[in-house]
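# 3D model of this:
(chains A and B)
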Amino acid sequence: MSSNLKEYGMARTHSPHPEPTAVIAGHPIHPMLVQFPIVCFTLALVTDITYWQTSNLMWAEFSAWLLLAGIALGVLAAVFGLIDFVFNRDIRNARPAWPHAIGNAIVLVLAFLNNLVHARDGWTAVVPWGLTLSALTVAVMLVTAWLGASLVQVHGVGVRRS
Amino acid sequence: MRFVTAVVASPFLFPLAGCGESGQDFDVSQQIGPDPVLPEPNPGLLAGMKIAEVVGWNEGEKPTVPEGLQVTAYAKDLAHPRTVHTLPNGDVLVVQSRAPSGKPMPRPKDVIRSWIMSMAKGGGPKKETNLITLLRDTDRDGQVDERSDLLTGLNSPFGVAWIDGTLYVAATDAILAYPYQLGETSISAQPTVLAPLPGGPINHHWTKDLALSPDGKFLFASVGSNSNVAERGLEAEKGRAAIWQVDRSTGAARVYASGLRNPNGLNFHPETGVLWTVVNERDELGPNLVPDYLTSVQKDAFYGWPWSYYGTHVDKRVHPPRPDLVEKAVKPDYALSSHVAALGLAFSLNSAMPEPYANGAFIGEHGSWNRSAFNGYKVVYVPFQNGKPAGKARDVVTGFLEGDKARGRPVGVAIDGTGALLVADDVGNTVWRVASVDGSITPSPIGSDRVQVSAQLSGTRGEVSAGTNGRTGQGQSTENAPKPSQTDIAPAVLPQGFASENNR
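Sure, this is the predicted structure:
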């Protein structure tokens, strides 16, 4: 990391509006991408429950694709989130930042395991462990998404000053 | 952070992973014979995968055989030979084929696996395959003297049978009938469809093998399942994981036995006239489940797939469960150990093989992918007594593996016109001939279809009459009336290129 960036960060220690590093024309990238894993993992729970109730394999196939898309775009979102986290101490110092980062790492680990479980054939791809992992993923994600929203709405991360 | 995730994940990981491949110290020979040891299912988090990269045979290299036997290359430069079949006059048909393309891939797993499998197979130009080559050993010295391509451009053929001036070819979607007299070296006539078989678009286990009943009236066709364990849905499995009985005179078909995941190597035992097959069992339950097997096939019997394996061992991956069917599942006769991929079967009775191999079954084992230590990749011999397996399987043809690489992989086996063993080696593009070192041969050729009617015993090349055309058994007895209804099992459409009037 260049000393330039460090000084920049230092200078803005008390800024109420910490600026993310990964942006496109001033719009932070991380919050744009997090929608995808949030929606995919949530729908995967829905399709898992539907498969559990119907035994119709189509729903288990939907789950497998949703989990794959969720983890692929989730990792991408995490990369940009991590850039913001690492390069701006103000963001890091915001109270929800660490739990948000650790929580989402847990979400991705759970989703990775869930992808492997969902690669099994038939019923045991979902019941009981696939479904359990899907529910846990969503449960942890509810907390981390709440914390992420707090970072923006309470701590003003990425909110423009003017 | 890693610590946190490990702690959070561990309660879930433990029952899931079951600690991966605990089967390293498992003695696979416990799974060879009539009563295999079956460990608890241990799927792990990642299906164990180990595929041998194909390197082929260098000049002068050949498989290994035990003392008393010698091995030679019978035919080289073939295009993925899968099965070998000896006609009553001693001519050998080599069926060469590849899997049909265009299989839909409904899950990410299917895409990823096919990519891994194709990487392991390597690139390079592939010879045109899906053809049947005729090999002729005119002077019966164990060497091929004439070679001609009998049929080309077939749709992934596998099994063949010949009787009464008709060559039956089991393409992947139908049994085709070609007019063919013994001795001819080409076929120009268009085939008729004797009976459609379940084909694409999925067609997961696509190899359809054929056997002719000893009375010559019926063909038996093997139809493998459309999935590992019904993960494509039961609708996709209609008429599959079964052996069909097809009336040669009418084409009427029925399911003779079912619940056989991927049967191949159909053969009638020469002594007892009982139908035998080798079956590939299911994957992804761990390195030591489920043993592939050799079994006699009982009429109307159900062998468990997909609901149970090896008799009544329930497979929880199939839902809803069917305890009523599991209860009926017949336990197979003889286990060959897990993931060996048994694809070929030939009985040695009345062949010219030396005494230790004089009465038993040769089995071609294509080799494993779903375990971390290779299994199979060889031809084994199971001794028989009174038409039943009696004793441990012995290795007969080995040396297909060289470390972690494959020089070849055995598939179909047959006894050639001189009484020696032939082994089709698909990735090695070779047919190997294994014979007694003393050079003994049978007095006259014996065809792979051991039909016990006089029509086919007219034997030697050139003398065969235009066929007695003995279409016996025209009228079907009620006993043979198909049950269940044919609309439940048979595909409603003919293969591509066959207009309906073309069919008979």
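# what's near enough to touch the residue nearest to B:P104 when sequence neighbours are not counted?
Once flanking residues are discounted, B:P104 sits nearest to B:P201: 5.9 Å by C-beta to C-beta, 6 or more residues apart in numbering or on different chains. Bear in mind the C-beta positions are built from the backbone N, C-alpha and C, glycine included. The contact partners of B:P201, taken as C-beta atoms under 8 Å, 6 or more residues apart in numbering or on different chains, are B:G102, B:K103, B:P104.
# roughly how far apart are the second one and B:N262?
In this case it means B:K103. From B:K103 across to B:N262, the span is 15 Å (C-beta to C-beta, to the nearest Å).
# neighbour-wise, which of the two wins?
Counted by other C-beta atoms under 10 Å in any protein chain shown, B:K103 and B:N262 do not tie: B:N262 has more neighbours, with 26 against 16.
# in helices, which of the contacts of B:P201 appear?
The helices in this structure, assigned by DSSP state H, contain none of these.
# before we move on, back to that, just the element for the residue nearest to B:P104, please.
Counting by DSSP states H and E, no helix or strand carries B:P201.
# from chain A, how far out is it?
Note on B:P201: its distance to chain A, by C-beta to the nearest C-beta, to the nearest Å, is 16 Å.
# picking up where we left off before, any chance of JSON lines for the contacts of B:P201, columns pLDDT?
Formatted as JSON lines, the contacts of B:P201 follow (pLDDT from 0 to 100):
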{"residue": "B:G102", "pLDDT": "90"}
{"residue": "B:K103", "pLDDT": "92"}
{"residue": "B:P104", "pLDDT": "94"}
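# for chain A, which residues score under the pLDDT cut-off?
By pLDDT under 70, the low-scoring segments of chain A are A:1-15, A:162.
# the residue nearest to B:V274 when sequence neighbours are not counted: how many residues sit nearby?
Using C-beta to C-beta, 6+ apart and skipping residues adjacent in sequence, the residue nearest B:V274 is B:S296, 5.0 Å away. Residues lying near B:S296 (other C-beta under 10 Å) number 19.
# got the contact list for B:S296?
Taking C-beta under 8 Å, 6+ apart as the test, what B:S296 contacts is B:H269, B:V274, B:L275, B:W276, B:D333, B:K388.
# dump the residues you listed to CSV, plus pLDDT and neighbour count.
Below are those laid out as CSV (pLDDT from 0 to 100; neighbours: other C-beta atoms under 10 Å in any protein chain shown):
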residue, pLDDT, neighbour count
B:H269, 97, 18
B:V274, 97, 14
B:L275, 98, 22
B:W276, 98, 24
B:D333, 98, 16
B:K388, 97, 14
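# widest-spaced pair of those?
B:L275 and B:K388 (13.6 Å; C-beta to C-beta).
# wait, B:R409 sits on B:G367?
Yes. The pair B:R409 / B:G367 is scored as a contact, 5.4 Å apart, by C-beta atoms under 8 Å.
# any regions of chain B where pLDDT drops low?
B:1-24, B:119-125, B:453-493, B:499-504.
# for it, just list every one of the helices.
Applying DSSP H to chain B gives helices spanning B:2-17, B:108-121, B:323-326, B:486-489.
# show me which residues of stretch B:364-372 are buried.
Counting neighbours by 16 or more other C-beta atoms under 10 Å in any protein chain shown, one finds that the buried residues in stretch B:364-372 are B:G364, B:E365, B:H366, B:G367, B:S368, B:W369, B:N370, B:R371.
# now those residues as JSON lines including distance to B:A435?
Formatted as JSON lines, those follow (distance: C-beta to C-beta, whole Å):
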{"residue": "B:G364", "distance to B:A435": "17"}
{"residue": "B:E365", "distance to B:A435": "20"}
{"residue": "B:H366", "distance to B:A435": "23"}
{"residue": "B:G367", "distance to B:A435": "24"}
{"residue": "B:S368", "distance to B:A435": "28"}
{"residue": "B:W369", "distance to B:A435": "31"}
{"residue": "B:N370", "distance to B:A435": "34"}
{"residue": "B:R371", "distance to B:A435": "33"}
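# measure the residue minimising distance to the centre of chain B to B:T277 for me?
For chain B, the residue whose C-alpha lies nearest the mean C-alpha position (C-alpha atoms, centre = their mean) is B:N264; its distance is 2.8 Å. According to C-beta to C-beta, B:N264 stands 7 Å off from B:T277.
# give me the common contacts of these two.
Counting by C-beta under 8 Å, 6+ apart, the contacts common to B:N264 and B:T277 are B:D209, B:S222, B:L345.
# contacts only, for whichever residue of the stretch 351-500 of chain B sits closest to chain A.
Nearest to chain A, among the residues of the stretch 351-500 of chain B, is B:N370, at 11.8 Å (C-beta to the nearest C-beta). Residues near B:N370 by C-beta under 8 Å, 6+ apart: B:A47, B:G48, B:M49, B:D283, B:E284, B:P287, B:H339.
# again, but for B:V92
B:V92 neighbours (C-beta under 8 Å, 6+ apart): B:74, B:84-86, B:134-137, B:144, B:414, B:416-417, B:422, B:431.
# if we use 6 Å, what do you get?
By C-beta atoms under 6 Å, 6 or more residues apart in numbering or on different chains, the contact set of B:V92 is B:V84, B:T86, B:L135, B:D416.
# mind giving me the PyMOL select for those residues, buried ones only?
Command for PyMOL that selects the buried part of these, burial taken from 16+ other C-beta under 10 Å:
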select buried, chain B and resi 84+86+135+416
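# quick check: closest non-adjacent residue to residue 55.
If you meant another chain, say so; for now it's chain A. B:H319 (4.9 Å).
# not quite, go with chain B.
Nearest residue to B:V55, sequence neighbours excluded (C-beta to C-beta, 6+ apart): B:K405, at 4.6 Å.
# contacting residues around the one you found?
Neighbours of B:K405 in contact, by C-beta under 6 Å, 6+ apart: B:A52, B:E53, B:V55.
# report the buried members of the residues you listed.
B:A52, B:V55.
# hmm, back to that, just grab the bridge partners of the residue nearest to the centre of chain B for me.
B:V278 (DSSP bridges).
# my guess is it meets B:L343, correct?
Yes. B:N264 lies in contact with B:L343 (C-beta atoms under 6 Å); the separation is 4.7 Å.
# hmm, A:L67 and A:L43 touching each other?
No. Applying C-beta under 6 Å, one finds A:L43 not in contact with A:L67, separated by 9.7 Å.
# more neighbours: which of these two?
Neighbours were counted for A:L43 and for A:L67 using other C-beta under 10 Å; A:L67 has more, 31 against 19.
# how near is the more buried one to chain B?
In this structure, A:L67 lies at 8 Å from chain B, with C-beta to the nearest C-beta as the measure.
# name the SS class of that residue, please.
Three-state assignment for A:L67 (DSSP: H, G, I helix; E, B strand; the rest coil): helix.
# re the thing from before, which of the contacts of B:N370 has the most neighbours?
B:H339 (28 neighbours).
# state the distance from it to chain A.
With distances taken as C-beta to the nearest C-beta, B:H339 is found 15 Å from chain A.
# contacts only, for that residue.
Taking C-beta under 6 Å, 6+ apart as the test, what B:H339 contacts is B:S368, B:N370, B:R371, B:N375.
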